[in-house]
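[1] kindly generate the corresponding structure for this input.
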Amino acid sequence: MVQEEATKASKRAQRRAAGEQGSEDSSVVADAEAEESSTESSSGDSARPGEDPNAPPAAPPPNRQARRTAAARARADRKRERAEAVAIGLDAGEMVDDVLVRTTDKISRFGRKHWSTIQWVIGLGLIAGLGYQVYTWRMRNVAASTTDVLFEAIAAEHGKIGDPKEQGKPDSDGIIDPAPIFESEAARQEAALAAYRKAAQVRPGSAVEGFARLGEGGILLEMGKADEALGVYDQLRTSSIAQRNPEIQAGALEGRTLALESKGDLPAARKAAEELGALPGHENRALYQQARLAHAQGDAEAAKALLNKLFKALGPPKAATLGGMPERPDFLRERATQLAGVIDPTEKDVQVPKPPMGADAVQQMLKQLEEQGVVTPPAAPPASE
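    Got it, this is the predicted structure:
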C-alpha cells in the first residue's frame, strides 16, 4: 500500500513538471490528477469498512486516446483565442504597423536563409546590365557611322555644279554652303553612285542598305541606265529588307514603275503602279502614278477618273497656317494639280479642290486654333426649359 502511494505521488510530480513547461498542458495535468483522485477515491471506498464488498465497481475513466483528443482540441482553441486577442484594442495604424513588422520579419528571414542565391542574382543582374549598356553604345556608334555614309551619298546626289575650288569658302554674306561642288553633272552622278554603293555595303541586310539601293537605282535612272536600275529595284523588292520595311518595298515598286516607263513598257509600268497601290499607306502615290501613265498611254478617261479619286482622298487644302502664311505645298497635290491642268484645263471633268476663301477660311483658321488649344471654343447656349 505504501509503495502504491509513492508511485502515484511520483506520477503527480512528473505531470506537474510537464505542466510548468507550458501552459497548454495544464489542463491535461489537471484532468489526469482529477482522474487519479477519482481512482484513488474509488479504490479507497472499496476498502472502507461497513460497505458491501460485492457491490459493482465504479465506471472506468475515459481512455487515453479520448484524453489526448480533448487536450489537442483545447490547445487549438487556446491558440485561436490568442491570435484573435492580438488585434483587440489596436487602431488602424497599429494594425498596419503590425502587418509591416510581420512582413519585414518574414523577408529578413528569407534573405538570411537564401543570401547566397540572392548574391548570385545581384551579381548576374549587374553583369547583364553592364553588357546591355555596352551593346547599346556599340550599336549607336555603328548606326551613326552607317548613317554618316548614307548622308554623304545624299549630299553628293544634291551637290552643285561649279568650281570645286570654291568648296568650303564663304559667300558674300559669310555663309559656307556644305553642299559639295562638282565640275560637271556626270561627275556628280558618278560620285553619288559610288557613295550609295559604298553605303549599301556597310551593313548588309539592314534598312540602311535598302535606302542606299533606292538611291543607287535613282542615280542609274538619271544616267539613262534603265536596265541596271530595273535590276536593282527588282532585287530589292524581293529581298528580306523590303519584306521587313514597307517604305523600302514601296520605294522599290515605284522605282520599278519609273524604270519600266523609261524603257517604254507602259503597260508593265502601270501594272507595277497598281502593285504599289496594294501597300497600305501608299494608295495616293499609286493613284498619281497610274493617272500619269494612263495619260501617257492616251487613256484620258481613265486618267480623269484616277485624278478625281486621288483628289477625293486628299481632301481640300488648308487656307493658311496660324501665322497667316499659305500652307506648305504638298508635293503630291501639286503634281496632281499640274497633271489635271494638262488633262482637263477647263476642269470640266476633274474637280480640283480649292482652299477655302472668305468666311470659310476664317472658320477653318478658328478650328485650327481650337485644335491646338490657342482659342477656347465658345460654350453651348443653355437649353431652354
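
[2] make it CA atoms for all contacts and neighbour counts henceforth
    Noted.

[3] quick check: next helix or strand after the longest helix along the chain?
    Using DSSP state H, we find that the single longest helix of the chain is helix 115-157. The helix or strand immediately downstream of helix 115-157 is strand 160-161, counting by DSSP states H and E.

[4] and that following strand, which strands flank it?
    Applying DSSP bridges, strand 160-161 is found paired with strand 181-182 (parallel).

[5] identify each buried residue in the next helix or strand after the partner strand, please.
    Later in the chain than strand 181-182, the nearest helix or strand by DSSP H and E is helix 185-200. Neighbour counts over helix 185-200 (16 or more other CA atoms under 10 Å) mark 188-189, 191-193, 195-200 as buried.

[6] ok, stretch 303-316 next?
    So for stretch 303-316, counting by 16+ other CA under 10 Å, buried means 303-304, 306-311.

[7] let's see it as PDB, backbone CA atoms only.
    The C-alpha trace of stretch 303-316 is given here as PDB (Å, rounded to 0.1, in the frame of the first residue of the first chain):
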ATOM      1  CA  ALA A 303      -6.700  59.300-116.100                       C
ATOM      2  CA  LYS A 304      -9.500  61.700-115.200                       C
ATOM      3  CA  ALA A 305     -11.200  59.100-113.100                       C
ATOM      4  CA  LEU A 306      -8.000  58.300-111.200                       C
ATOM      5  CA  LEU A 307      -7.300  62.000-110.600                       C
ATOM      6  CA  ASN A 308     -10.800  62.500-109.200                       C
ATOM      7  CA  LYS A 309     -10.300  59.600-106.900                       C
ATOM      8  CA  LEU A 310      -7.000  61.000-105.800                       C
ATOM      9  CA  PHE A 311      -8.300  64.500-105.100                       C
ATOM     10  CA  LYS A 312     -11.200  63.000-103.100                       C
ATOM     11  CA  ALA A 313      -8.700  61.100-101.000                       C
ATOM     12  CA  LEU A 314      -6.500  64.200-100.400                       C
ATOM     13  CA  GLY A 315      -9.400  66.400 -99.500                       C
ATOM     14  CA  PRO A 316      -9.400  70.200 -99.700                       C
END
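
[8] now do it: everything it contacts.
    284, 287-288, 290-292, 294-295, 333, 336, 340, 343-344, 349-356 (CA atoms under 8 Å, 6 or more residues apart in numbering).

[9] could you redo the last one with a cut-off of 7 Å?
    When contacts are defined by CA atoms under 7 Å, 6 or more residues apart in numbering, stretch 303-316 is touched by residues 284, 287-288, 291-292, 294-295, 349-355.

[10] A199 reaches F151, doesn't it?
    No: assessed by CA atoms under 7 Å, A199 is found out of contact with F151, at 9.0 Å.

[11] can you list residues touching both of those two?
    Joint contacts of A199 and F151 (CA under 7 Å, 6+ apart) do not exist.

[12] where does the stretch 201-350 of the chain dip in pLDDT?
    Within the stretch 201-350 of the chain, the segments meeting pLDDT under 70 span 318-329.

[13] kindly recompute the last result at 50.
    Within the stretch 201-350 of the chain, the stretches with pLDDT under 50 are 324-326.

[14] now do the stretch 1-150 of the chain
    1-2, 17-30, 32-33, 35-51.

[15] repeat that for 80
    Across the stretch 1-150 of the chain, the ranges flagged by pLDDT under 80 are 1-64, 79-99, 135-147.

[16] just the CA trace of the host helix or strand of L339, in CSV.
    Per DSSP H and E, L339 falls inside helix 331-343. Provided in CSV are the C-alpha atoms of helix 331-343 (Å, rounded to 0.1, in the frame of the first residue of the first chain):
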residue,chain,number,x,y,z
PHE,A,331,4.3,67.6,-103.3
LEU,A,332,1.8,65.0,-104.4
ARG,A,333,-1.1,67.5,-104.5
GLU,A,334,1.0,70.0,-106.6
ARG,A,335,1.9,67.3,-109.1
ALA,A,336,-1.7,66.0,-109.4
THR,A,337,-2.9,69.6,-109.9
GLN,A,338,-0.4,70.1,-112.7
LEU,A,339,-1.4,66.9,-114.3
ALA,A,340,-5.1,67.8,-114.0
GLY,A,341,-4.3,71.1,-115.7
VAL,A,342,-2.8,69.3,-118.7
ILE,A,343,-5.5,66.6,-119.0
